[in-house]
Structures are given as structure tokens and as C-alpha cells.
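J.: predicted model and sequence follow; I will ask about them next.
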Amino acid sequence: MTRDELKAEMLRHLQYSFGKDPAHAQVRDWRMALSMAVRDRIVEPWFAATRATYSGQHKRVYYLSLEFLIGRLLEDAIVNLGLGQAAREACAALDLDFEAVMTDEPDAALGNGGLGRLAACFLDSLSTLSIPAHGYGIRYEHGLFKQSFHEGRQVEQAEDWLNQPHAWEFERAESSYEIGFWGEVEEKDGRAIWHPGDAVLARAYDTPVIGWQGRWANTLRLWGAKPTKLFDLARFNTGDFTAAAQPEEAARTISRVLYPDDTTDAGRELRLKQEYFFAAASIRDILRRYTSEYDDIRRLPHKVAIQLNDTHPAIAGPELVRILHDEHGLAFDEAVQIASATLNYTNHTLLPEALERWSEGLMRHLLPRHMRLIEQIDDWHARTTKGRTLSAIDQGSVKMGELSFMLANRVNGVSALHTGLMKKTVFAELDRLHPDRIVNQTNGVTPRRWLLACNPGLSGLVTETIGTGWEDDLERLGQLDPHVSDAGFRARFAAVKRANKAHLSDWIGREMGISVDPDAMFDVQIKRIHEYKRQLMNVLDVIATWHAMRGEPGLDWVPRVKIFGGKAAPGYQTAKEIIRLINDVATVVNSDPAIGDRLKVVYPPNYNVSMAERLIPAADLSEQISTAGKEASGTGNMKFALNGAPTIGTLDGANVEIRERVGAGNFFLFGLTAEEAMARREVPDHAGRAIAASPELAQAIAHLERGTFSPGEPDRYRHLAQILRHHDYFLVCSDFAAYHAKQRAVDAVFRDRDAWVAMAARNTARSGWFSSDRTIRSYAAEIWDVTPVEVGPGA
Ligand code: 26M
């Protein structure tokens, strides 16, 4: 498509789709016009993919996830369709600021963090690999909350992405299912019939997901909740308008908000309703499609593979058994066998507080038939495995991990270390009973978004050096390796990073009013705020460094900009204290004349996918410092390495595999191993001993206790200091000295510009394996038993 064709299409949509005169069009109107012009190019490959799947009777993959953190979609579509140049030029010809048009799009923030972003990268790779697939999720009216800082404290506001025009979805009013809740189960002639007490409609909204070069498109189908009857006309006519609207309100509540990792009891019932609502609608849709094509329901596993993204969709298991047994009349054991040959489960965390459990009472009340089936499934498992000591029902609650495991063909972890720990800890007993069921599938990231689109400078250099083709064959980045010893290549690599940093410095100046030196080291930690991710250790290192700089202002310090980004769950008090501390430290450090430009702390509010796309290409150093054994994989770690930022990190999650691939000499390793961490927790007063052994740490904690960063309120960080001294489960104190020392090693290499650039470039050259294309190929072969559909040349 040429510039002129695209421009003409934009003008046509502006006029006929939106009824706007170009003379009066705003940025938003132009963004919609461009989006529609681009969207038109997706529809044909989308239909072609559907036709090819039907006519070839190919097996389909269904990815069920409560979260899809897809971010902006316009740039993604433009990049995948190869329309970058045409779009830029068309905008220029219309006198539009291309950047402004692109950044007008709100992020679709339908996820919390790693788990939701992984689902989005998987959708991209499934389409790129032309694997017939659907993503299923919820069309939340409000995505993850917006974060702002008031006097350093996190304040949450409702997010409102649907309040702006949205170009990418197609509402399917004809695809609606009635989903029941509550009620009773009737036993009749040996069969169970569930009579729900209430129901809502699940209505489908489809978003096409275009793959690389427009060769294939799959569908992301999100469910919105609607009332079964619009409103109570009788009540309306009596004048009670509020009561008349009540059924509609009640139904819509189900798809109103994304849960921000809620750790409290509030809204538990609504969360379970969301899970069943979406799982039941998806299972019904999958079976409708299957039965429209095939007669024998027993052959379901030959044509359908379902992946459960964590346990959030786990109730899909009992729901599938219910339909096969109660509605299709299969024997119970056969229904369970078919369901478990179809279903697979991915575990994303071993943290006990994050493993889902539902009270048996709530489950029996809301889903009476399902609770009985869960009991039967539990009995069936005990019967067929002799694993009688093991149960998915324990002390009045249903353990969704165990239930998902029992009903799965394959269960997978998300990094080699994490999968090993699954077998050793949470699922040890189940692994013994089913030794072939647990498999590892190390996470990956899509190189289209996380290199090609977000880092045009580096992707341009890559293409000039090794040619095109790496975009969907990322291991080809390995061909860069020999060029790293070429001083000319290193200079160009350094120039790209420098330009990205200058660009980010401008943005930080504009958005935050903080001036940073683009030649300083940009040291970045961006992820959800959690004790196990140890942002607290990072900020203690900032405090220790600041203290040392003040002591010896004459020393030749390596200038650093410490960048943080991330949100805390609204009910997670300790995480919120850590946020406040980072902001308080920033206030003191950034205005200290003794420090100047040599240390800055930057914490932009409302970290999201778009901000990651801005920060990662400009990073020098990637902070991956979780307590070993706690971060299941990480995926940000992969994005940084790919964009030429070496890691300072522990042997946790996928860090282990990153270090193996980039080479130990290109990775700053420190800290206890997972095994050593477990042993250290048994040592009495391990924190006290570590503090006594490290004057820097003792001094930094003393600053917290003295109120150095909270003048007027010396007690503000007492609680954090208490955790460090007496409840340091995440071993911040035990690892601090090693971390602080390793940071000085980082300084030393950074001083040697050439050595640093070589290290950075080797990270890019050796990160090809972390493409989500590799991950999806591996799921396809080892879990789903599907193969890519052959397609002709693309758009
Ligand atoms: C949040 C707040 C308080 C207590 C627990 C949580 C919580 C922690 C982890 C909730 C859910 C959690 O797991 C889900 C999740 O997002 N896991 C992430 O999945 C990514 C994709 O596989 C991995 O890369 C991350 O390591 C993993 O944390």
C-alpha cells in the first residue's frame, strides 16, 4: 500500500465512517481514520485464515486467560503489515504529527503484569506461526487502575479505556450465551439437572490479531456481561427508574473491572462469578464450533486443545465435564477422560498467597452442580491413582491448582528452575503419581513489539548488519556475534543506545521536570512492586551510594540514573510503603547539591506497556534481583537483554537461562541460590548477622529509622526497617552486600566504554532464543499436538 493510497483511505474513513471534515478533525479523529484504514487490511487475511482452518479441518488452540495485557494495537498492526513508511508519509502529507497520532491511542490494560503480557505475546506468535487459535477473556470496562503519586504515595484511579473510540473490536450480538449461577440441582432418572437461580448473557467482542507480514490472523474473543432482560418495564412505569435499571447494573458488574491481584476478601464472590462467566461462555463457544464441524464428541481432544493460563479459568474443567456428562450423556469417567485429554494448565507462581483456593461453601452456593462434580473428580482421581492422601478439597476449600492438575493432559512451568521447583514442592505428590505430566516451557517475548517496533534504531542496525528475516527467526541475531569484535559495529551500536537515551532524557525532562545526563548509566527496574522482587534492596543501594557520595564528594563516581516503574496492589500495604520510600529518597537525592548529576532517582507514575516500550530501548542495566526461587520466570528480563541491556541479577526464573545463553561474562550475577535461600531462612537472626557484617547496610537502615527521607515524620519507615531486621523472609539483608559489591563491578565495566558496549551487544546477539515464537513452537509440539497451517505469500 502506497502513501497516497493510505492517505486516500484515511480521508475516506474520516468523512464516511466518522462524518468529519478534515478542516475540523482532531488528533483523535485522525488516529481513528488511520486505524480504520489499517484495520481494513487485516480483514482479508483474517477471513482467509478462518476459511483455511475450516476447510483443512485443522486442530485449534484455545488460550483461556483472565488477562490480556495487549497495550496499543495501531503500531503493532502497522508494523506487522509493513505499513510503517506509508503511514509516516501519509501523516506527513496530511500535515499530522505521526508520534502524536500513535500515542493518542490508550493502552488496553486488561492485565496486571507478566501473566497478562505473556498472553499477549503468545497471541502475536500464534498468528505469526499460522496456528489456528482463539484467545478467550473478559472485556473489562475498566482495565488496571491508573496510578498517580500524591506526596509520594500511590493513589489509584479508575481506568477508562472504552470511554475513547476503540477501532479494533467487532461486537457480535448474535454470539451470546446465557450463563447461570446459584439455584439447585435436581436428580432425575439418575441424571443431574442444574436449575440456576439467576443468569446473565455473555456477549462476544472480537479483535483480530494479525501476525508478522499479514499472513495469518487469529481472534481474541472477549466476553462482556449483559442482562438477560434489559430492564424492568413494570417498575419503570411505576416511576421507580433506579430499581428498573437494577438487573442491568447487576449483570454488567461482572465485566466491570479487572482485579488488581486482590489479596483481601473483598469481592471474592464477584471474582468467582467472573471466572465462571468467562470459562462457561468460552467452553460453550468452543463446543458449538466443534459440534458444527464434527459429530463425535468423543473425538474432541483430536481437534481441540485448551490452555488454562494459571488457575483463573480452572472452573472450565468441571464445566466441560458437566456438559459432556449431564448434557451429552457420556459416562462420568469417560467425560473426565475426554476433558483431561483436552485441557492443559500453566502454573505462573509458587507463592502460597497467590495459589487460588475457593471456600467450599461459596462454591456450593454459586455453582452447586460444579461443587458436586469437583468432589466426584477428586474421588475419581483417588480411585484411578491410589493417591488417596491427596485431595483438591482441603479444610473447607477447593484448591484450584490441584484441581487443574488432575484435569490436565499437560501441566507446565514457565522456566527451567520454576518447573523443577514445581516438581519438588507444590506438586511433588501429583508429579509422583503422573511423572510425565509436568513439562517445562520457558517463556518468551514477541520480537515484533519488543525490538522491531519499540527500538527502530537498533532494529535498523540489525537489519543493516545481517539483513531482514530475523523478525520471525530471532535466532538469526546470533549472526551479530562476530560483528561485536568490529569497532565500527560497536560504535554504531553505542550510537543507537545513546540516541535512545537522549530521547528518554527529553521525555523525563518534559514529564517529570527532572534533568538527567544521557551519558550517565540508566539503571532500570520496572515490574509490579512486590517484596519478593526486592525494589527495597535496590533503594537501599541508592541510599548507601548517596551516603558514600556525600562522604567522598571528590571521588570519580560513575553517574547513574536509577529508574523505577510499577504499581502496587491497592491492598498491599508494604508494597505501598516501598513506593513512598522510593519517592521520598528521590526528593532528597535529586535536590542534593553535593550530588549533582551523579545520582538521580526517577519514578514516573503509571507504568504500563507503552512506558515499557519507551524505557527498555534506553536502558543500560536491567535489574532482575528477586529472591531466588520466587520469580517464576520474568519476561522483562528477556526484553532488556534483547535491547542490549546487561542484567544484574540472581539465579532466579529465566535469569538462569539468560545467563547460560548470553554467557556468564556478560551477566552480573550475585546472591544466594534458591537452595541456599531456603537454608538461610533457617539460620537464627540471619538478617541481624547480615546487618552486623555490612556497615553500608547498617547505615542505610539507620537512615530509614532516623527519618532522613521523612523529615517531620521519623516513624514513617519504622515498619519497613522492622521487616528488614526481624521478618526478612525475602532475604534483602542477606543478599545486600553481594548486590552492593556487584554494583561496583558494574561501575567498573561501565567506565570501560568499549567493554560495556561489547557486553551490551552480546546480550542482543545471544537473546534470539527468548522469542515467544520459540515458546509457541514448543507448546505446539509438546502440549497441543498442532502444526502450523501452510499459507501462501502474505499481504
Ligand atoms: C500479588 C500481590 C500479593 C500477593 C501475591 C500476588 C501475586 C503474585 C504472583 C499474584 C499472582 C502472581 O502470579 C501470577 C503472575 O503474574 N505470575 C507471573 O507470570 C509471568 C508469566 O509467566 C512470569 O514471568 C512471572 O515471573 C510471574 O510472577
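T.: Sure, I can see it.

J.: which SS class is F489?
T.: Three-state call for F489 (DSSP: H, G, I helix; E, B strand; the rest coil): helix.

J.: any idea how far L621 is from it?
T.: Distance, F489 to L621, using CB to CB, to the nearest Å: 21 Å. C-beta here means a position set from N, CA and C on the backbone, and glycine is covered the same way.

J.: and D378, by the same measure?
T.: 49 Å.

J.: more neighbours: these two, which one.
T.: For D378 and L621, the more surrounded residue by other CB atoms under 10 Å is L621, and the numbers stand at 23 against 20.

J.: near the ligand, which residues of the chain?
T.: For the chain, the residues in contact with the ligand (CB under 6 Å from any ligand atom) are 113-115, 118, 261, 263, 348-349, 351, 353-354, 414, 443, 569, 572, 631-635, 653.

J.: so where's this structure uncertain?
T.: Low-confidence segments of the chain (pLDDT under 70): 231, 262-266, 387-388, 792-795.

J.: what separation is there between the residue of the chain most remote from its centre and the ligand?
T.: What lies farthest from the middle of the chain is T238; by CA atoms, centre = their mean that is 48.5 Å. Counting by CB to the nearest ligand atom, to the nearest Å, the separation of T238 from the ligand is 46 Å.

J.: what does A690 give?
T.: For A690, the distance to the ligand (CB to the nearest ligand atom) stands at 25 Å.

J.: so that residue is in contact with S734, correct?
T.: Yes: counting by CB atoms under 8 Å, A690 touches S734, with 4.9 Å between them.

J.: so the single nearest residue of the stretch 651-795 of the chain relative to the ligand, which of the three states?
T.: Taking CB to the nearest ligand atom, the ligand has its nearest neighbour within the stretch 651-795 of the chain at G653, 5.4 Å off. Under three-state DSSP, G653 falls in the coil class.

J.: can you pull the contacts of it?
T.: V414, S415, L417, H418, Q624, S626, E631, A632, S633, G634, N637 (CB atoms under 8 Å, 6 or more residues apart in numbering).

J.: how about the nearest residue to L6, chain neighbours excluded?
T.: Distances taken as CB to CB, 6 or more residues apart in numbering place A90 nearest to L6, at 4.2 Å, with adjacent residues excluded.

J.: what's the helix or strand containing K497 packed up against?
T.: K497 belongs to helix 487-512 when elements are defined using DSSP states H and E. Contacting helix 487-512 under the criterion 3 or more CB pairs under 8 Å, 6 or more residues apart in numbering; DSSP states H and E are the following elements: helix 456-466, helix 609-615, helix 753-765.

J.: list the buried residues in whatever helix or strand comes next after that helix.
T.: Once the chain leaves helix 487-512, the next helix or strand it forms, by DSSP H and E, is strand 521-526. By 16 or more other CB atoms under 10 Å, the buried positions in strand 521-526 come out as M521, F522, D523, V524, Q525, I526.

J.: hang on, the earlier thing: for L407, which of the helices and strands packed on helix 487-512 is the nearest?
T.: helix 609-615 (32.3 Å; CB to CB).

J.: relative to the next helix-or-strand element following that closest one, what are the paired strands and their orientations?
T.: Moving toward the C-terminus from helix 609-615, the next helix or strand (DSSP H and E) is strand 621-624. Within its sheet, strand 621-624 is paired with strand 521-526 (parallel), strand 647-649 (parallel), according to DSSP bridges.

J.: any idea how far the last one is from the middle of the chain?
T.: Its chain's average C-alpha position is 20 Å from that of strand 647-649, according to CA atoms, centre = their mean, to the nearest Å.

J.: so can I have a markdown table of the contacts of G653 showing secondary structure?
T.: Listed next are the contacts of G653 as a markdown table, based on three-state DSSP:
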| residue | secondary structure |
| --- | --- |
| V414 | coil |
| S415 | coil |
| L417 | helix |
| H418 | helix |
| Q624 | strand |
| S626 | coil |
| E631 | coil |
| A632 | coil |
| S633 | coil |
| G634 | coil |
| N637 | helix |
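
J.: can you put the residues you listed in JSON lines and add neighbour count?
T.: Output for those, formatted as JSON lines (neighbours: other CB atoms under 10 Å):
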{"residue": "V414", "neighbour count": "28"}
{"residue": "S415", "neighbour count": "25"}
{"residue": "L417", "neighbour count": "25"}
{"residue": "H418", "neighbour count": "28"}
{"residue": "Q624", "neighbour count": "26"}
{"residue": "S626", "neighbour count": "25"}
{"residue": "E631", "neighbour count": "29"}
{"residue": "A632", "neighbour count": "27"}
{"residue": "S633", "neighbour count": "28"}
{"residue": "G634", "neighbour count": "26"}
{"residue": "N637", "neighbour count": "29"}
